[in-house]
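# Return atomic coordinates for the entry below.
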Amino acid sequence: MRYRSLGDGLTSSAVGIGGMGFTDGTAELADAVRAALDAGVTFFDTADYYGQGAAEETLGALLGARRDEAVIATKTGVLHRDAGPPGLDGSPEHLRAACDASLKRLGVDHIDLYQLARLDPAVPVEESVGALAELVAAGKVRHVGLCEVRPDTLRRAHAVHPIATVQTEYSLLERHVEGEILATCGELGVGFVAYRPLALGLLAGADVDVEALPPRDWRRRDPRFQPDTLPVNRRLVRPLLSAARRAGVSPARLAVAWLLSRAPYLVALPGAGSARHVRDLAAAVTQPLSAAEADELAALLAGPVAGARYPAPMLAMVDGHVTAGGGRR
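Numbering: from 1, shown residues only. Here you go, the predicted model:
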């Protein structure tokens with residue numbers, strides 16, 4: 001494994017593990033987490049709203065005695081409701097209470113990276129980050145992160161307390177961050193955490209039968225996996241599949257290698273999947289990919305993606321609606 005300096009003194013493996021699916025501590029998941037640790041993966045990311053806290057409990061249990069080998073990152077600020085879209089709460093009161101609850105579920109005495117999952121438009125970002133800074137001063141949190149924010153929001157937040165990371169979707173199929181926020185992170189010395197690096201499996205070459213997926217699988221609702229969009233997006237990734245065959249590697253590994261070539265302060269955050277999947281993606285750090293090859297790969301997948309990143313109510317929760325519309329830019 002190779003390691004990268006992010007922001008505020010935080011160091012992480014170049015490839016991490018996203019824990020959205022950590023709601024059940026299956027044997028397969030335990031094997032995947034163990035394989036990740038054995039491969040030198042340190043970054044494990046979850047949220048208090050994944051499975052209404054179940055993902056944090058599972059992650060804490062799976063890390064167990066190996067907790068000190070991990071950078072534990074979790075998020076808060078999104079509130080699930082019984083009906084309608086999720087709500088947002090970035091108030092200092094919520095952040096303090098949520099942090100204590102996450103510490104208990106994770107079974108740890110501090111959170112390495114505590115992130116505001118979405119900007120609450122009712123609360124100035126300075127107030128939210130000020131509360132997170134208080135948690136750092138109290139020793140409950142080591143570093144502060146933000147998710148899905150605009151450059152100007154990041155600058156305002158960074159003026160209150162050093163921001164270690166910004167987490168936003170980024171992949172060969174979703175490149176809107178190349179417009180400005182990725183460069184702003186580099187300018188300010190803030191790390192960038194790229195979630196959905198495999199576009200929910202599209203870049204892994206998975207032949208997904210959406211109708212056969214479990215009822216709670218997100219892809220059933222994802223705009224890019226609908227009957228009118230999925231065939232378009234499958235055709236779009238064919239050049240990646242061909243390039244991976246020529247290189248003798250999986251398309252998933254090549255997609256992650258491409259992402260890691262975009263910036264030296266970037267961490268790719270795929271899901272765990274299986275132990276075999278984790279080991280394959282961890283090997284992306286050693287996949288040779290010249291600048292010319294990376295540019296060629298990007299050009300091969302330059303067609304517009306069909307479908308928006310999220311359903312409209314969730315897209316409206318993104319700071320400034322930076323990705324409104326179905327396009328990639």
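# could you pull out the helices for the stretch 151-300 of the chain?
Remark: helices assigned in the stretch 151-300 of the chain by DSSP state H, counting those that start in this stretch are 151-160, 181-188, 230-236, 238-247, 251-260, 275-282, 291-300.
# So which residues make contact with the shortest one?
To tie it back to what came earlier, the one meant is helix 230-236. By CB atoms under 8 Å, 6 or more residues apart in numbering, the residues outside helix 230-236 that reach it are 173, 199, 202, 208, 210, 224-225, 301, 303, 305-307. The way it works is simple: take the backbone N, C-alpha and C, and place the C-beta from them, glycine included.
# And the fifth one, by the same measure?
The list of residues contacting helix 251-260 from outside it, by CB under 8 Å, 6+ apart, reads 14-15, 170-172, 194, 197-198, 203-205, 237, 240-241, 243-244, 247, 266, 268, 270, 277, 280-281, 283-285, 287, 289, 294, 297-298.
# redo that, cut-off 6 Å
By CB atoms under 6 Å, 6 or more residues apart in numbering, the surrounding residues in contact with helix 251-260 are 14, 172, 194, 197-198, 203-205, 240-241, 244, 268, 280-281, 284, 287, 289, 294, 297.
# now these: which count as buried?
Listed as buried from those are 14, 172, 194, 197-198, 203-205, 240, 244, 268, 280-281, 284, 294, 297; burial here means 16 or more other CB atoms under 10 Å.
# which one of those sits closest to residue 91?
Closest to residue 91 out of the buried ones among the contacts of helix 251-260 is residue 194 (28.2 Å), distances taken as CB to CB.
# for that closest one, what are its contacts?
With CB under 6 Å, 6+ apart, residue 194 has these contacts: 170, 259, 266, 268.
# Tally up the residues packed near the second one, please.
It refers to residue 259. Counted with other CB atoms under 10 Å, residues neighbouring residue 259 total 25.
# Read off the pLDDT value for it.
Residue 259 is assigned a pLDDT of 97 by the prediction.
# Over to the first one?
For residue 170, the model assigns a pLDDT of 98.
# show me what contacts it?
177, 194.
# Verify the stated contact: residue 132 with residue 144.
Yes: contact criterion CB atoms under 6 Å: residue 132 and residue 144 qualify, at 4.5 Å.
# The spatially most central residue of the chain pairs with what?
Centrality entry for the chain: nearest residue to the mean C-alpha point is residue 195, 2.6 Å, by CA atoms, centre = their mean. Assessed by DSSP bridges, residue 195 has beta-bridge partners residue 169, residue 269.
# Which residues are in contact with it?
18, 167, 169, 269.
# wait, which of the contacts of residue 194 is closest to residue 214?
Distance to residue 214 across the contacts of residue 194 (CB to CB) is lowest for residue 268, with 25.3 Å.
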